[in-house]
Each structure stands twice: as structure tokens, then as C-alpha cells.
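**Q** structure here, sequence nowhere to be found:
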């Protein structure tokens with residue numbers, strides 16, 4: 001089957017409402033307080049990831065569902081504007097588009113998610129016709145993809161049959177159960193956890209030991225460490241690097257943009273050191289502007305950076 005897409009993902013289609021709290025602490029008992037600002041734009045880790053992939057020149061598409069509502073149009077219009085193919089983004093008038101409410105205190109944030117359109121993605125939508133057309137399958141927001149989660153191993157096996165490589169970014173588990181089947185891990189080429197996630201998933205607070213656990217099953221672990229940068233583990237190789245020195249405006253989407261940048265290097269057969277450099281550049285650029293996609297780098301910026 002002819003490959004027409006570089007990257008395929010499953011959209012966790014939603015909008016983000018970002019509430020900048022300033023010094024305000026929300027209280028119940030009907031207490032009203034004034035916040036610094038509120039913004040609404042496309043959210044969803046896989047949507048942000050797909051947008052960064054497309055900006056880097058990777059032909060990118062995704063499978064997903066939105067409601068026939070204003071939030072759904074924000075998602076579809078934003079993906080299209082960022083260069084993502086939305087041919088497999090279904091509009092369902094019987095559901096509401098998901099929303100994530102981010103309560104932002106600058107250095108930290110809490111997230112509340114209503115996930116109806118994310119749960120609406122079902123296994124029948126992930127056809128062999130689509131899987132066979134993609135070089136790479138990226139699974140993010142693993143714990144939110146309730147509609148396909150139990151069938152995901154089968155989906156990944158089918159992608160493998162079409163010679164696709166696979167990456168996984170579990171993101172946070174809202175139920176905090178942190179189950180992750182070994183059979184699923186064994187189908188993954190690149191695992192993209194952050195520091196908190198790898199500790200909770202492995203049950204080990206030492207990040208190197210936690211990475212060693214996953215290397216039993218996964219060839220490459222790309223560990224995101226926030227302001228400390230990232231580390232890549234593969235076999236006996238360990239590579240560390242710091243992020244760029246930039247002014248941080250907003251960290252939403254930084255990890256997703258890192259994933260896309262790293263994957264750009266991987267799909268272009270760059271060595272792991274340069275894959276890491278690509279990931280950190282994209283993650284660093286992302287934080288320079290508020291919102292998940294506004295600060296994202298394009299392929300020209302990345303190539304100029306790599307040439308330095």
C-alpha cells in the first residue's frame with residue numbers, strides 16, 4: 001500500500017479554556033473572584049502534536065470526532081490552518097466537543113477535562129485503509145482514548161503489518177491507576193514520558209532506573225524533564241541536553257511539540273543526538289507564546305537551527 005502520510009495519530013479533539021489565575025485561589029460556597037485573563041483555543045495533546053508535525057513539513061493526519069458546535073469548528077479550523085489533513089475528522093451532531101479547563105498559576109496548572117468527543121472515537125474508524133497509508137503511528141493521551149483503548153494493541157499490530165513505526169506518549173492518567181500492558185509496550189519504537197509519568201508508570205523514583213525498566217520493551221525512551229531539558233536512552237546509550245534559553249510564556253503543548261520535533265529527526269533518519277536537539281528546539285519555541293500552537297517552529301526555523 002502506498003504511503004501518503006508521514007504521521008497518523010488519533011485526535012483527542014478538544015478546546016482548551018486557559019484561565020490565568022494570577023494570585024487567585026478558587027473557592028466554593030459561591031465565592032466569586034476576578035482572574036487575570038481567559039482564552040479559548042484548540043487543545044488536545046495529539047492535535048497540538050499533529051500541528052507541530054505539519055509545520056515541520058511532515059504530511060500529517062488523524063482520526064477523530066468533534067461535535068457540530070462552535071468548539072468543534074475551532075478544532076477543525078485550527079488543524080486545517082496548521083496544515084493538518086482533517087479528512088478523517090468526523091462531525092457528530094449528537095455529541096459535544098470536549099473541553100479542557102486549565103487553571104494556570106504561571107509555574108503550575110490544574111486541568112479539568114470533559115471528554116465526550118474524545119471517547120467517541122471507536123475502533124471501526126481506525127481502518128486498515130488509513131493505517132496502511134502512514135509511515136508512522138503516534139498514540140498520545142492513551143488514558144483518554146476510552147473508545148479504542150481496549151483495541152489499541154490490535155490497532156498497533158495492524159499498523160506494524162503495514163511496516164509503520166509507532167510512538168507512545170501516555171500523558172497523565174486522570175484515574176491515576178497507571179496500568180500499561182507490556183504487550184502494548186513491545187509494539188512501541190519510541191516512548192515519550194515526562195518525569196512524573198515515568199516514575200508513576202515504573203514505580204521507581206530514580207529516572208535512570210525507570211528508563212532501564214522500559215528499555216526491556218522499547219528501543220528508545222525519550223524522557224522529558226521540563227526546564228532541565230530531556231534525556232534519551234537506547235541500549236547502553238544515554239544522551240542529555242538542556243532546552244534553549246528562552247522566556248517562558250506558557251508551557252501548554254511543550255511536551256507535544258517536543259514529541260513532534262524528535263519524530264521529525266527520527267523519520268529523517270537523524271542520529272539520536274540530533275533527534276533530541278530537534279525535540280528540544282520545538283519544545284523551547286512552543287513555550288515562547290501562550291497557547292499550544294502559537295509558538296511552534298516551522299521547518300525553516302528548525303533547519304536553520306540545526307545548521308548552527
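**A** Thanks, I have it. All figures in this text were calculated on a predicted structure; none of them were measured in a lab. Numbers count the residues shown, from 1 in each chain.
**Q** run me through the strand neighbours of the lowest-mean-pLDDT helix or strand in the chain, direction for each.
**A** Least confident helix or strand of the chain, by mean pLDDT, DSSP states H and E, is strand 109-114 with a mean of 89. Here strand 109-114 has these sheet partners by DSSP bridges: strand 98-104 (antiparallel).
**Q** residues contacting the closest residue to residue 281 other than its chain neighbours?
**A** Spatial nearest neighbour of residue 281, chain neighbours left out: residue 305 (5.2 Å); criterion: Cβ to Cβ, 6 or more residues apart in numbering. All C-beta atoms are positioned from the backbone trio N, CA, C, and that covers glycine. Shown in contact with residue 305 (Cβ atoms under 8 Å, 6 or more residues apart in numbering): 277, 281, 297.
**Q** ok, residue 66 to residue 53 distance?
**A** 19 Å (Cβ to Cβ, to the nearest Å).
**Q** same drill for the two, tell me which one is more crowded.
**A** residue 53 (33 against 28; other Cβ atoms under 10 Å).
**Q** and the helix or strand encompassing that one, how far out from the chain's middle?
**A** Applying DSSP states H and E as the criterion places residue 53 in helix 45-55. Remark: helix 45-55 is offset 7 Å from the chain centroid, using Cα atoms, centre = their mean, to the nearest Å.
**Q** what comes up buried for it?
**A** 45-55 (16 or more other Cβ atoms under 10 Å).
**Q** ok, stretch 74-81 next?
**A** 74-76, 78-79.
**Q** and stretch 216-226, by the same measure?
**A** Buried residues in stretch 216-226 (16+ other Cβ under 10 Å): 217-218, 220-225.
**Q** could you pull up the mean pLDDT of that stretch?
**A** Average pLDDT, stretch 216-226: 98.
**Q** contacts for it next, please.
**A** Stretch 216-226 is contacted by residues 182, 185-186, 188-195, 198, 207, 211, 214-215, 230-235, 251, 255, 258-259, 262, 272, 275-276, 279, 283 when judged by Cβ under 8 Å, 6+ apart.
**Q** low-confidence regions, the chain specifically.
**A** Scanning the chain for pLDDT under 70 picks out 308.
**Q** just the helices in the stretch 151-300 of the chain please.
**A** With DSSP state H, counting those that start in this stretch, the ranges of helices along the stretch 151-300 of the chain come out as 152-161, 182-185, 195-202, 207-214, 254-267, 272-286, 299-306.
**Q** ok, which of the ones you listed comes nearest residue 241?
**A** helix 272-286 (5.3 Å; Cβ to Cβ).
**Q** what packs against the closest one?
**A** When contacts are defined as 3 or more Cβ pairs under 8 Å, 6 or more residues apart in numbering; DSSP states H and E, helix 272-286 sits against strand 220-224, strand 230-234, strand 237-241, helix 254-267, helix 299-306.
**Q** tell me the angle of it relative to strand 220-224?
**A** 30 degrees (axes from the mean of the first three to the mean of the last three Cα atoms, to 10 degrees).
**Q** start and end of stretch 52-64, how far apart?
**A** 17 Å (Cα to Cα, to the nearest Å).
**Q** on that earlier part again, quick check: ChimeraX command selecting the buried ones in the contacts of stretch 216-226.
**A** The buried subset of the contacts of stretch 216-226, as determined by 16+ other Cβ under 10 Å, is captured in ChimeraX by this line:
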select :185,188,189,190,191,192,193,194,195,198,207,211,214,215,230,231,232,233,234,251,255,258,259,262,272,275,276,279,283
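**Q** list the buried ones in stretch 238-247?
**A** For stretch 238-247, the neighbour count (16+ other Cβ under 10 Å) marks 239, 243 as buried.
**Q** repeat that for stretch 171-189.
**A** 171-173, 180, 184-185, 187-189.
**Q** and the nearest residue to residue 275 once chain neighbours are set aside, how many residues sit next to it?
**A** Nearest residue to residue 275, sequence neighbours excluded (Cβ to Cβ, 6+ apart): residue 265, at 3.4 Å. Each residue near residue 265 was counted by other Cβ under 10 Å, and the total is 22.
**Q** coming back round to it: between the buried residues of stretch 216-226, which is closest to residue 290?
**A** residue 224 (19.9 Å).
**Q** for the closest one, which non-adjacent residue is closest in space?
**A** Closest residue to residue 224 apart from its sequence neighbours, by Cβ to Cβ, 6+ apart: residue 194 at 4.4 Å.
**Q** residue contacts, that neighbour?
**A** Per Cβ under 8 Å, 6+ apart, neighbours of residue 194: 223-226, 255.
**Q** from those, which single one is nearest residue 1?
**A** Set against residue 1, the nearest of the contacts of residue 194 by Cβ to Cβ is residue 255 (31.5 Å).
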